[in-house]
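Q: sequence below, structure please.
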Amino acid sequence: MAPLLSPTDEARAAAERIAELTGRDHHDVALVLGSGWSEVVDGLADPDTAVTIPARDLPGFLAPTAAGHRGTVTSCLVDGVPLLSVAGRTHLYEGVGTAPVVHPAHVAGAVGARVLVLTNAAGGLRGDMAVGDLVLVRDHLNLTGRSPLTGSLFVDMVDAYCPRLRAAAAGAIGAAESIESDDPTADGPTVGNAGVRPAEGVYAAMSGPQYETPAEIHMLRALGADLVGMSTVPETITARGLGLGVVAVSLVTNLAAGVTGQPLDHTEVLDAGAAGSARLTAALRALVPSVART
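A: Numbers count the residues shown, from 1 in each chain. You can find the predicted model right below:
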C-alpha cells in the first residue's frame, strides 16, 4: 500500500537525534513493548550492539505513567538486523491526545523501518486461552471512539496485520517456543502455550483506564473479539497510513472480567510478564529477523 501519511516533524527530529546518539541512521524493524514486556530489552540485542536512550531526551516522547513501562528507546542489532525498540508506551487514557500515543509509529517511519512490531498485555476472552499465552493479532475492533487520522486519509485496513508477516512471525515464535519448552535448564514452570505455534485472534481496543465490566465482555464476545486491551490499534492505524507492515503480539496476562469471578488488578499484568520474560525474549529474538527478511 502506498503511504498516505508522512512522518511528523517531531518524528524526523527524533530520528535525527537517535542517529546522532547511536551511530545508526536506519533501522529495518521498530518494536513497541507493552505492559509486562519491558524486561525483554535486556536480552534482545546481539552482544555489544545496544545503545539505550531515555525517551524523555528525544523529541515527541513523554515519560510513561503506567507501571511496567521503562521509558527508554534502544537501538541494537538482533541477529544482525537493525532494530529500534520503544519501552514506554503512551495510552489514550493518559489524556494527552493521540499524537504522543502514535509518535513511536511515526518515528518508526522516520528511521526507515519497513515493519512495526507491536506487543501488548491483553485480557483473554476465549475459554481455550490461559494466562501466559502468546496470540498473534489477526484483526481488531477499534472501540476507543478515537482515530489518530484527520482529514481525507482513507487508509485501507483490510489487512491491517499483514498475513505474510503474521505467517513468518508464527513460524518464528513456534520454533523458539519449541526450543524453550524442551530446554531442561530453563527456569520455572512452562506457562501458557509454550512450545505451541501461537494462535491468532481479534483484539478489541478500549479507551480505559478502567477494566471492562462482565456485560462489556459479553458484548465483545458477541462482536467476535478474542482479546481486549487499551493500546495497539492507534499505532496500527498510523503505521498502515505510513505504509509500514504491522505485526502485533498479545501476551494474555489475565482472563477477562467475569471469567474467573475474581477482581482484575494491574499487578497480574506485570506478574505474567515477569513469569514469561525468558519466553518473550526468545520469541522476539526469533520474530524480529524473520519479519525483517520476509
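Q: make it CA atoms for all contacts and neighbour counts henceforth
A: Fine.
Q: buried ones in stretch 12-22?
A: Counting neighbours by 16 or more other CA atoms under 10 Å, one finds that the buried residues in stretch 12-22 are 12-19, 22.
Q: repeat for stretch 127-141
A: Buried residues in stretch 127-141, counting neighbours by 16+ other CA under 10 Å, are found at 129-141.
Q: so which of the residues you listed belong to strands?
A: 134-141 (DSSP state E).
Q: most widely separated two among those?
A: Distance extremes for these: the farthest pair is Leu134 and Leu141 at 18.9 Å, using CA to CA.
Q: Ile179: neighbouring residues, count only.
A: Other residues near Ile179 come to 15 when the count uses other CA atoms under 10 Å.
Q: any idea which element it lies in?
A: For Ile179, the enclosing helix or strand under DSSP states H and E is helix 163-182.
Q: just Leu83 next, same as before
A: When elements are assigned from DSSP H and E, Leu83 belongs to strand 81-87.
Q: show me where the stretch 151-294 of the chain has helices.
A: Counting by DSSP state H, counting those that start in this stretch, the stretch 151-294 of the chain has these helices, from start to end: 163-182, 214-223, 233-241, 266-275, 277-292.
Q: and these, which one's lowest on average pLDDT?
A: Within those, confidence is poorest for helix 266-275, with a mean of 72 (mean pLDDT).
Q: may I have it as PDB, with CA atoms only?
A: Taking only C-alpha atoms (Å, rounded to 0.1, in the frame of the first residue of the first chain), the coordinates of helix 266-275 have been written out as PDB:
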ATOM      1  CA  HIS A 266      -2.700  -4.400  37.000                       C
ATOM      2  CA  THR A 267      -0.200  -6.400  39.100                       C
ATOM      3  CA  GLU A 268      -1.400  -9.500  37.300                       C
ATOM      4  CA  VAL A 269      -0.200  -8.000  34.100                       C
ATOM      5  CA  LEU A 270       3.300  -7.300  35.400                       C
ATOM      6  CA  ASP A 271       3.500 -10.700  37.100                       C
ATOM      7  CA  ALA A 272       2.600 -12.500  33.900                       C
ATOM      8  CA  GLY A 273       5.300 -10.600  32.000                       C
ATOM      9  CA  ALA A 274       7.900 -11.300  34.700                       C
ATOM     10  CA  ALA A 275       7.000 -15.000  34.700                       C
END
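Q: quick check: buried residues in it?
A: 269-270, 272-275.
Q: between that helix and helix 277-292, how many degrees?
A: For the pair helix 266-275 and helix 277-292, the angle between their directions (axes from the mean of the first three to the mean of the last three CA atoms, to 10 degrees) equals 70 degrees.
Q: so what's Gly36 closest to, chain neighbours aside?
A: Here the nearest residue to Gly36 in space, its sequence neighbours aside, is Gly273; by CA to CA, 6 or more residues apart in numbering that works out to 4.1 Å.
Q: next one: Val82 from Val233, what distance?
A: Careful, residue 82 is Pro; it's not Val. As judged by CA to CA, to the nearest Å, Pro82 and Val233 stand 24 Å apart.
Q: comparing those two, which residue is more hemmed in?
A: Summary of the neighbour comparison: Pro82 and Val233, criterion other CA under 10 Å, with Val233 having more neighbours (27 against 23).
Q: so which bits of stretch 72-80 are buried?
A: 72-79.
Q: which of the residues you listed fall in strands?
A: Within the buried residues of stretch 72-80, residues falling in strands by DSSP E are 72-78.
Q: who touches stretch 120-129?
A: Residues outside stretch 120-129 that contact it (CA atoms under 8 Å, 6 or more residues apart in numbering): 33-37, 130-131, 217, 221, 225-229, 231-232, 248-256, 259, 269.
Q: cutoff 6 Å now
A: Applying CA atoms under 6 Å, 6 or more residues apart in numbering, the external contacts of stretch 120-129 come out as 34-35, 226-229, 250-256.
Q: start and end of that stretch, how far apart?
A: Across stretch 120-129, the terminal residues are separated by 16 Å (CA to CA).
Q: okay, buried residues for that stretch please.
A: Applying a neighbour-count criterion of 16+ other CA under 10 Å, one finds 120-125, 129 buried in stretch 120-129.
Q: may I see those arranged in JSON lines, with pLDDT as well?
A: Listed next are the buried residues of stretch 120-129 as JSON lines, based on pLDDT from 0 to 100:
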{"residue": "Asn120", "pLDDT": "95"}
{"residue": "Ala121", "pLDDT": "91"}
{"residue": "Ala122", "pLDDT": "95"}
{"residue": "Gly123", "pLDDT": "94"}
{"residue": "Gly124", "pLDDT": "96"}
{"residue": "Leu125", "pLDDT": "96"}
{"residue": "Met129", "pLDDT": "93"}
